[in-house]
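Participant: Test case, fold it:
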Amino acid sequence: MVNTKIESSLGSVRIADEVIEVIAGMAASEVEGVAEMSGSFVGDLANMLSRGKNVSKGIKVEVGEQEATVDLYLAVEYGVSIPEVAQKVQDAVKEAIEGMTGLHVLEINVHIQGIAFKNSQENREAKEN
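Facilitator: As a prediction, this is how the structure comes out:
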């Protein structure tokens, strides 16, 4: 675990990489057209083994002292403009990370790994209830 360290006259503030991942995940999931965050097979396996709900699923960050790079893996809703949704995700994630942490976001890579169909989502919700 790497921590981002911010110095001030009163001392330092450390931000864990996981915090950056959660910020990115929350911002991306709020964009209209994003169906879900999806991880790699290895990441999904790790989540199953940890038995925890991971808000940062499908997100990989590399954080330097004053900058960050983000990779997001997600599925979009069927019928949306993928380039448009990806651009909105990039804008939302950049704004959230820079606004909350003060880090400069160098790049945000969006990897579309699937398309969710409304009927599939409704069927899943019905099965859960």
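Participant: From now on I want contacts and neighbour counts done on CA atoms only, so please keep to that.
Facilitator: Noted.
Participant: can you tell me how far the residue nearest to the spatial centre of the chain sits from G11?
Facilitator: The chain has G25 as the residue nearest its centroid, 2.8 Å off, counting by Cα atoms, centre = their mean. Plainly put, G25 is 29 Å away from G11 if you go by Cα to Cα, to the nearest Å.
Participant: ok, now which ones touch A86?
Facilitator: Applying Cα atoms under 8 Å, 6 or more residues apart in numbering, we find A86 in contact with V110.
Participant: name the element it belongs to?
Facilitator: Element membership for A86, per DSSP states H and E: helix 82-101.
Participant: got it, and V80?
Facilitator: V80 belongs to no helix or strand when assigned by DSSP H and E.
Participant: Could you find the closest non-adjacent residue to it?
Facilitator: Leaving aside its sequence neighbours, V80 sits nearest to G33 (Cα to Cα, 6 or more residues apart in numbering; 6.2 Å).
Participant: Next, count neighbours for V105.
Facilitator: 17 (other Cα atoms under 10 Å).
Participant: now K60
Facilitator: K60 has 20 neighbours, counted by other Cα under 10 Å.
Participant: which residues touch the strand of greatest length in the chain?
Facilitator: Taking DSSP state E as the criterion, the chain has its longest strand at strand 104-116. If you take Cα under 8 Å, 6+ apart as the criterion, strand 104-116 is touched by 35, 38, 66-78, 86, 89-90, 93-94, 97-98.
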